[in-house]
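In: this one's structure only:
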């Protein structure tokens, strides 16, 4: 760990991570902190010199993540935890020959069995895919019947920015991470995409249809704006 004195008088801690795959020193930042990724053979003093030369970038990164996390519920954006149905779960990694995931709702723990860290993300994505598929099987038929709307096909994909989409051919696409959201927000996403079968835009009429069929949609959208960017596996 290195401590850097910033221009505003505060200090920023930079965690140093050694990597045999790294070819040069690089900096990364997220809501949990700033990280220096360095090759194994580079000396500590060289890493410190590099970090000191990037004070301005570090300062901007720290301010940015302080800004976007201000006012958020800290329990929903904790390090080493993931959301499932809007609830934070601990993630436990177990080295195993086979890849599978065990969910314990009582312990609020997701145990990932896999042979190495490289397959960890793939195993967790498959876990969310299965639960998102199950939820869509349970909910979309009920909701589409209430709206009296028919669609053709559903696809589930891993996307970083979009929770769903609707095509001109009446095919619906949903983010594999949909099952990370609270149940009510999931219903909003489903309603939103189904109503695009009537209005393939975000016009005033579209939002009026959303309001009529999902009166809490503004609260649902607020949750997605606030916490949606933090529902990821990085």
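Out: Alright, I've got the coordinates. Treat the numbers as computed from the prediction; the structure is a model and nothing was measured.

In: so which residues of this protein form helices?
Out: 44-53, 55-69, 120-147, 183-195, 204-213, 217-227 (DSSP state H).

In: how about CSV for these, with distance to residue 171, mean neighbour count and mean pLDDT added?
Out: Bear in mind the C-beta positions are built from the backbone N, C-alpha and C, glycine included. Below are the helices of the chain laid out as CSV (distance: least, CB to CB, whole Å; neighbours: other CB atoms under 10 Å; pLDDT from 0 to 100):
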stretch, distance to residue 171, mean neighbour count, mean pLDDT
helix 44-53, 48, 14, 92
helix 55-69, 33, 14, 90
helix 120-147, 13, 16, 95
helix 183-195, 10, 21, 98
helix 204-213, 18, 14, 97
helix 217-227, 22, 16, 95
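
In: now those helices as CSV including distance to residue 10?
Out: Formatted as CSV, the helices of the chain follow (distance: least, CB to CB, whole Å):
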stretch, distance to residue 10
helix 44-53, 15
helix 55-69, 8
helix 120-147, 33
helix 183-195, 35
helix 204-213, 42
helix 217-227, 25
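
In: for residue 11, find the nearest of those.
Out: helix 55-69 (10.1 Å; CB to CB).

In: quick one: that closest one to helix 217-227, angle?
Out: Here helix 55-69 points in a direction 160 degrees away from that of helix 217-227 (axes from the mean of the first three to the mean of the last three CA atoms, to 10 degrees).

In: and the angle from helix 55-69 to helix 44-53?
Out: Using the same axes, to 10 degrees: helix 55-69 against helix 44-53 is 70 degrees.

In: run the chain-centre distance for helix 55-69.
Out: Taking CA atoms, centre = their mean, to the nearest Å, the mean C-alpha location of helix 55-69 is offset from the chain mean by 20 Å.

In: over to stretch 154-173?
Out: For stretch 154-173, the distance to the chain centre is 17 Å (CA atoms, centre = their mean).

In: in it, what counts as buried?
Out: Buried residues in stretch 154-173, counted by 16 or more other CB atoms under 10 Å: 156, 163-166, 172-173.

In: need those in JSON lines with pLDDT and distance to residue 199, can you?
Out: Below are those laid out as JSON lines (pLDDT from 0 to 100; distance: CB to CB, whole Å):
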{"residue": "156", "pLDDT": "97", "distance to residue 199": "23"}
{"residue": "163", "pLDDT": "96", "distance to residue 199": "17"}
{"residue": "164", "pLDDT": "96", "distance to residue 199": "15"}
{"residue": "165", "pLDDT": "95", "distance to residue 199": "14"}
{"residue": "166", "pLDDT": "95", "distance to residue 199": "10"}
{"residue": "172", "pLDDT": "97", "distance to residue 199": "15"}
{"residue": "173", "pLDDT": "97", "distance to residue 199": "17"}
